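Peer 1: Return atomic coordinates for the entry below.
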Amino acid sequence: MFEHRQEQLEQLKKENQDFLRVFNRHQELDKRVIAAEVGTTPMEDLALNQLKKEKLWAKDQLARMMDAKAT
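Peer 2: Got it, this is the predicted structure:
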């Protein structure tokens, strides 16, 4: 995620507690989605879709925070 902005990502994780909180939430959701998709944690489709939506929301928030910092 954000491979082309890795330096900025690391800087924001150190400087901004809100960014770090959203980043950690995104990482947690990513692990849960992957576990459901590979079958190690069975989950209904509706619940999986909700996790994916929340993960996308978190990624969008991170992108917004990064864009705001860049300006």
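Peer 1: Number of residues surrounding A58?
Peer 2: 20 (other Cβ atoms under 10 Å). Glycine gets a C-beta too; all of them are placed from N, C-alpha and C.
Peer 1: what does L29 give?
Peer 2: Using other Cβ under 10 Å: L29 sits among 19 other residues.
Peer 1: That one sits in which helix or strand?
Peer 2: helix 17-38 (DSSP states H and E).
Peer 1: buried ones in stretch 43-54?
Peer 2: The neighbour-count check on stretch 43-54 (16 or more other Cβ atoms under 10 Å) flags 43, 48, 51-52, 54 as buried.
Peer 1: In helices only, show me those.
Peer 2: 48, 51-52, 54 (DSSP state H).
Peer 1: Kindly indicate which of those residues lies nearest R32.
Peer 2: Nearest to R32 among those, counting by Cβ to Cβ, is L51 at 5.7 Å.
Peer 1: doesn't E37 make contact with the closest one?
Peer 2: No: judged on Cβ atoms under 8 Å, L51 makes no contact with E37 at a distance of 10.1 Å.
Peer 1: Find the nearest non-adjacent residue to the spatially most central residue of the chain, please.
Peer 2: Closest to where the C-alpha atoms of the chain average out (Cα atoms, centre = their mean) is H26, at 2.5 Å. Nearest residue to H26, sequence neighbours excluded (Cβ to Cβ, 6 or more residues apart in numbering): A58, at 3.9 Å.
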